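Enquirer: My questions are about this predicted structure, shown below with the sequence.
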Amino acid sequence: MSNPFKSVPVRSSEITPKETYLSRRDFIKAAGVVAGSMALAACAPNAADMTPESLAADAGPGKTDERGDPANSFEEIANYNNYYEFSTNKEAVAGLAKGFTTAPWTVEVSGFVSKPKTFGVEDLLSMFPQEERIYRLRCVEAWSMVIPWNGFPLASLLKMVEPTSDAKYVRFETIYRPEEMKGQGSPFYPWPYQEGLRLDEAMNDLTLLATGIYGEDILAQNGAPIRLVVPWKYGFKSIKSIVKIELVAEEPQTLWSTVAPSEYGFYANVNPGVDHPRWSQATERRIGEISRRGTLPFNGYGEQVASLYDGMDLSLNY
Ligand SMILES: Nc1nc2c(c(=O)[nH]1)N[C@H]1C(S)=C(S)[C@@H](COP(=O)(O)O)O[C@H]1N2
Ligand SMILES: [Mo]
């Protein structure tokens with residue numbers, strides 16, 4: 001999936017002015033974009049498709065992360081997915097997730113909190129201002145993307161329910177709905193997908209609950225209607241389609257640490273110095289780029305999060 005426009009230098013600021021991203025939304029709408037067909041268009045642009053509008057839409061308004069890395073295209077983000085509830089084939093997820101029921105949807109927040117509550121997703125959207133956060137996503141499989149999320153800090157929600165002093169960790173659970181998610185029929189995984197964070201990680205301002213991408217409602221394949229994004233950790237921590245958030249006292253079980261504890265630990269901080277038992281983590285393939293790039297400690301977010309791990313041996317707590 002090489003994007004010929006990726007090499008065009010872009011210089012807009014991290015936060016794109018509303019008019020710019022509205023114009024991109026209009027392009028997407030005007031182009032009548034459907035997830036599947038767009039991928040083909042992006043992979044094999046043919047001369048007839050190269051109208052000025054399609055070029056502008058494909059190049060986008062030039063969103064970049066704070067390091068200047070260009071955001072991946074909407075088509076790339078929507079068509080190369082890890083979502084084992086649907087399929088283990090990254091290119092098949094988008095098609096299988098089409099029509100997944102995302103409304104009505106509630107998120108139960110419970111456990112060691114003074115004010116447990118079940119929220120409708122629409123309540124969450126109206127209670128908390130939606131911010132744009134352009135984050136790198138580094139999969140443990142050594143590929144990466146830059147994704148312009150819309151969402152709100154998990155901390156805003158946690159503060160509202162008032163964790164008690166017993167709350168030390170946060171446990172997250174994805175919906176269990178095997179009728180719609182055929183992958184949940186697989187006996188190899190302990191469904192539903194579960195993940196967890198230490199409370200201070202969960203309260204860090206980088207930790208996001210995402211409900212949108214490129215200003216559009218998040219698509220099913222990306223974890224609609226609401227998913228976690230923890231940009232300094234391997235992608236599997238960023239659990240999709242959340243129905244339950246529980247404040248707990250002990251380090252929670254996670255799907256991946258249950259399946260393969262020697263390969264996927266609880267912390268899963270991006271770390272080029274600690275290889276996966278079956279491959280190196282020193283470099284990564286940015287989707288849309290040809291040569292590999294070096295992987296950054298904490299995926300480039302060390303300034304904001306390294307102090308969370310003071311005194312911890314991160315080669316043991318992988
Ligand atoms: N419920 C659930 N969440 C999940 C996964 C999954 O299989 N199921 N895959 C994870 C992995 S391995 C990655 S890399 C990211 C991918 O997110 P994306 O498809 O939106 O890029 O989602 C994570 N969240
Ligand atoms: Mo991943």
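Expert: Yes, it's here. Numbers count the residues shown, from 1 in each chain. Ligands and ions are numbered 1, 2, ... in the order given.
Enquirer: Residue of the stretch 201-318 of the chain closest to ligand 1, please.
Expert: Residue of the stretch 201-318 of the chain nearest ligand 1, by Cβ to the nearest ligand atom: residue 235 (2.5 Å). Where you see a C-beta, it was placed from the backbone N, CA and C, and this is true even at glycine.
Enquirer: so that residue touches residue 82, yeah?
Expert: Yes: with contact defined as Cβ atoms under 8 Å, residue 235 counts as touching residue 82 (6.6 Å).
Enquirer: what do these two both touch?
Expert: Common neighbours of residue 235 and residue 82, using Cβ atoms under 8 Å, 6 or more residues apart in numbering, are residue 139.
Enquirer: from what I can see residue 309 touches residue 269, true?
Expert: Yes: contact criterion Cβ under 8 Å: residue 309 and residue 269 qualify, at 7.1 Å.
Enquirer: What parts of this protein come near ligand 2?
Expert: With Cβ under 5 Å from the ion as the criterion, the chain comes near ligand 2 at residues 82, 139, 235, 236.
Enquirer: so, in contact with ligand 1 or not, stretch 64-83?
Expert: Yes: residues of stretch 64-83 are located near ligand 1 by Cβ under 6 Å from any ligand atom, namely 81, 82, 83.
Enquirer: I'd like those residues written out as CSV, with pLDDT, neighbour count and secondary structure added.
Expert: Shown next, in CSV, are these (pLDDT from 0 to 100; neighbours: other Cβ atoms under 10 Å; DSSP: H, G, I helix; E, B strand; the rest coil):
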residue, pLDDT, neighbour count, secondary structure
81, 98, 23, coil
82, 98, 20, coil
83, 98, 25, strand
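Enquirer: residues contacting the residue in the stretch 51-200 of the chain positioned nearest to ligand 2?
Expert: Of all residues in the stretch 51-200 of the chain, the one sitting closest to ligand 2 is residue 139 (3.4 Å; Cβ to the ion). Contacts for residue 139 (Cβ under 8 Å, 6+ apart) come out as 82, 234, 235, 236.
Enquirer: before we move on, back to that, so if I had to pick from residue 309 and residue 269, which one is more boxed in?
Expert: The neighbour count for residue 309 versus residue 269, taken as other Cβ atoms under 10 Å, is higher for residue 269 (25 against 17).
Enquirer: Contact partners for that one?
Expert: 232, 233, 234, 298, 305, 309, 314, 318.
Enquirer: same check, this time on residue 271
Expert: By Cβ under 8 Å, 6+ apart, the contact list for residue 271 reads 281, 297, 298, 314, 315, 318.
Enquirer: Looking at the contacts of residue 269, which one is closest to ligand 2?
Expert: residue 234 (6.1 Å).
Enquirer: ok, the residue nearest to the closest one when sequence neighbours are not counted - contacts?
Expert: For residue 234, ignoring the flanking residues on the chain, the nearest one in space by Cβ to Cβ, 6 or more residues apart in numbering is residue 140 at 3.9 Å. Contacts for residue 140 (Cβ under 8 Å, 6+ apart) come out as 234, 235, 236, 264, 268, 276, 281.
Enquirer: From ligand 2, how far off is the most centrally placed residue in the chain?
Expert: Nearest to the centroid of the C-alpha atoms of the chain, with distances taken as Cα atoms, centre = their mean, sits residue 229, at 4.6 Å. Taking Cβ to the ion, to the nearest Å as the measure, residue 229 falls 12 Å from ligand 2.
Enquirer: Run a quick check on that residue versus residue 150, I expect a contact.
Expert: No: using Cβ under 8 Å as the test, residue 229 is too far from residue 150 to be in contact (10.5 Å).
Enquirer: and for these two, which residues touch both?
Expert: Counting by Cβ under 8 Å, 6+ apart, the residues touching both residue 229 and residue 150 are 133, 210.
Enquirer: Give the other helices and strands that the longest strand belonging to the chain contacts.
Expert: Longest strand in the chain by number of residues (criterion: DSSP state E): strand 143-153. Counting contacts by 3 or more Cβ pairs under 8 Å, 6 or more residues apart in numbering; DSSP states H and E, strand 143-153 packs against helix 74-79, strand 131-138, strand 208-213, strand 227-229, strand 283-286.
Enquirer: I'd like these as TSV, with mean pLDDT appended.
Expert: Listed next are the helices and strands packed on strand 143-153 as TSV, based on pLDDT from 0 to 100:
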stretch	mean pLDDT
helix 74-79	98
strand 131-138	98
strand 208-213	98
strand 227-229	99
strand 283-286	98
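Enquirer: okay if I get the ones you listed as CSV plus distance to residue 244?
Expert: Formatted as CSV, the helices and strands packed on strand 143-153 follow (distance: least, Cβ to Cβ, whole Å):
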stretch, distance to residue 244
helix 74-79, 26
strand 131-138, 23
strand 208-213, 13
strand 227-229, 12
strand 283-286, 31
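Enquirer: So which bits of this protein are right by ligand 1?
Expert: Counting by Cβ under 6 Å from any ligand atom, the positions of the chain adjacent to ligand 1 are 81-85, 137, 139, 174, 193, 222-223, 235-236, 238-241.
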